[in-house]
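Novice: task: produce atomic coordinates for the following.
(chains A and B)
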Amino acid sequence: MTALSALIRRDIRIALRVGGGALIGVLFFLTVVVLMPFAIGPDLALLARLGPAILWLGALLASLLTLDRLFTADHDDGSLDLITMSRTPLELSCAVKAVAHWLAAGLPLIIATPILGLLLNLDVGATAAVALTLLAGTPALTFTGMIGAALAVTLHRGGLLLAVLVLPLSIPVLIFGVAASEAAITGPSSFGAPFSILCALSLFGLVVGPYAAAASLRQGLD
Amino acid sequence: MTLIDLANPTRFLALTARLLPWLVVATGILLAVGLYQSATAPDDYQQGATVKIMFIHVPNAWLSMFVWAVMSLAALGTLVWRHPLADVAAKAAAPIGAAFTFLALVTGSLWGRPMWGTYWEWDARLTSVLILFLMYLGLIALWRAVEDPSRAARAAAVLTLVGALNLPIIKFSVDWWNTLHQPASVMRMGGPTLDRAFLIPLLVMALAFSLLFVTLHLAAMRNEILRRRVRAMQMLQAQAGKPRA
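Specialist: Okay, the predicted model is just below:
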């Protein structure tokens, strides 16, 4: 237990310090959202309608961008070997690393959402709905993305290959995340059903992601 | 003859060399019979002659999922038993599965245009099959991104098993969500609802396509084994030709 809490504190500290790169994700999120009005034009009504989708796409891309760092830095300085060989089960270590990554890179995205919602002409209720769905859905993105990150680090390939492998797996999260936020803002359909599925996807990812990542680390590292 | 005996590639090559001609002939005959039966099947009272697209579309769609299931079994063979032919089987199946999925999507959209009035609809069944297609392409990209085949095999095996979670979603998507795509009418509880005049040609075609897959898969596995031998020989030759330091 102390090993796991030490790991989580270490990961968060590294991510937030100079060279950590967790906050670059937020900056990227901001930039993507600011780019959108230039692409579709500064029509406030249209932006308000597309707002949830834009915020979700931005959060998806931003979390994809920071995933590269989940294992590569540890692999480069050798601490990944220590984690693999320690007595703590690798599955638990992977789960803890993913949680730390989400706390350092995913949570700031959700905190930034209200400001970005303002830029996209979303009212308070709509922004709260999007932030809530992001809170429920981004853990699923981290957990599925962790599988891709583990594969990428064993293959010494990152970047585009990681994106190609992870993006199809994240489509369900995107579908239900946007569906839940749309339902909360405009829709006659209920908010509860897609939101529960979103929570289920995150819990499911918590179970499957660490196992798959640990399997690929065990098989692939030599 | 068990699965372990086949671990010897030479034995596998010898066995498939004897098996393949028979498979090719059987596939040809079944395809001919199936196509003839499909062409002479009666028109549907609602859909007219377009119902015949079904005889191509449905077997392709079944095979697109079946091939991923085969790859998942091969992935287990790679990760659990380290069977040397398992990664060859998984690698050879990926492009074939991608082709079946692509054909299922194309024939489906060609059928959708006259029936639904649109080539594409973002409903659950179509979207999940499209995701399957993207995952096939990602898997092929993974195989091509890494030089060392055994290292690529283990990474691809993990990804294949994760992707297998999509299969039940595809199968039951038409029951779980209210979709434009029709619900299952052959493989369902309580027997098929399809009329016998359509069911028999469909099953013949499904069998023919399955045999086609087995034939193509075995041939592709042979090619892959030979390709690896050529690569090993080339590397040996390159090493032999290198001047001693």
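Novice: for chain A, what's the longest helix?
Specialist: Ranked by residue count, the top helix of chain A under DSSP state H comes out as helix A:124-155.
Novice: measure how the helix or strand just after it sits relative to helix A:124-155, angle-wise.
Specialist: Stepping forward along the backbone from helix A:124-155, the first helix or strand reached (DSSP states H and E) is helix A:160-185. Here helix A:160-185 runs at an angle of 160 degrees relative to helix A:124-155 (axes from the mean of the first three to the mean of the last three Cα atoms, to 10 degrees).
Novice: just to revisit the earlier point, which strands or helices does the longest helix of chain A pack on?
Specialist: For helix A:124-155, the elements it packs on are helix A:44-67, helix A:69-77, helix A:90-101, helix A:107-119, helix A:160-185, helix A:192-220, helix B:124-145, helix B:149-163, judged by 3 or more Cβ pairs under 8 Å, 6 or more residues apart in numbering or on different chains; DSSP states H and E. The C-beta positions use only the backbone N, C-alpha and C, and glycine is treated the same way.
Novice: among the ones you listed, which is nearest residue A:152?
Specialist: Between residue A:152 and those, the shortest separation by Cβ to Cβ is 4.6 Å, and it involves helix A:160-185.
Novice: relative to helix A:90-101, how tilted is the longest helix of chain A?
Specialist: Per the same axes, to 10 degrees, the angle that helix A:124-155 makes with helix A:90-101 is 140 degrees.
Novice: if we can go back for a sec, could the helices and strands packed on helix A:124-155 be laid out in a markdown table, adding mean neighbour count and distance to residue B:86?
Specialist: Written out in a markdown table, the entries for these read as follows (neighbours: other Cβ atoms under 10 Å in any protein chain shown; distance: least, Cβ to Cβ, whole Å):
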| stretch | mean neighbour count | distance to residue B:86 |
| --- | --- | --- |
| helix A:44-67 | 21 | 29 |
| helix A:69-77 | 18 | 26 |
| helix A:90-101 | 22 | 23 |
| helix A:107-119 | 18 | 40 |
| helix A:160-185 | 22 | 20 |
| helix A:192-220 | 20 | 13 |
| helix B:124-145 | 20 | 14 |
| helix B:149-163 | 22 | 8 |
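Novice: take these and write them to CSV, including mean pLDDT and distance to residue B:70.
Specialist: Output for these, formatted as CSV (pLDDT from 0 to 100; distance: least, Cβ to Cβ, whole Å):
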stretch, mean pLDDT, distance to residue B:70
helix A:44-67, 86, 30
helix A:69-77, 85, 30
helix A:90-101, 91, 27
helix A:107-119, 88, 39
helix A:160-185, 85, 20
helix A:192-220, 89, 20
helix B:124-145, 87, 13
helix B:149-163, 87, 10
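Novice: which bits of chain B sit near chain A?
Specialist: Applying Cβ under 8 Å from any Cβ of the partner chain, we find that chain B lies next to chain A at B:79, B:127, B:131, B:134-135, B:137-138, B:141-142, B:145-146, B:151-152, B:154-155, B:157-159, B:161-163, B:165, B:169.
Novice: and residue B:118, how many neighbours?
Specialist: Neighbours of residue B:118 under the rule other Cβ atoms under 10 Å in any protein chain shown: 10.
Novice: same check on residue B:170?
Specialist: By the measure other Cβ under 10 Å, the count of residues near residue B:170 is 19.
Novice: would you confirm that it contacts residue B:62?
Specialist: No - distance between residue B:170 and residue B:62: 10.7 Å, which falls outside the contact criterion (Cβ atoms under 8 Å).
Novice: output the lowest mean pLDDT helix or strand found in chain B.
Specialist: helix B:166-176 (a mean of 77; mean pLDDT, DSSP states H and E).
Novice: using CSV, list the CA coordinates for that one.
Specialist: The C-alpha trace of helix B:166-176 is given here as CSV (Å, rounded to 0.1, in the frame of the first residue of the first chain):
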residue,chain,number,x,y,z
ASN,B,166,-16.2,-5.0,-29.9
LEU,B,167,-17.6,-8.3,-31.3
PRO,B,168,-20.5,-8.8,-28.8
ILE,B,169,-21.3,-5.1,-29.3
ILE,B,170,-21.6,-5.6,-33.0
LYS,B,171,-23.6,-8.8,-32.7
PHE,B,172,-26.1,-7.4,-30.2
SER,B,173,-26.1,-3.7,-31.3
VAL,B,174,-29.3,-4.3,-33.3
ASP,B,175,-31.1,-5.7,-30.2
TRP,B,176,-29.8,-3.1,-27.7
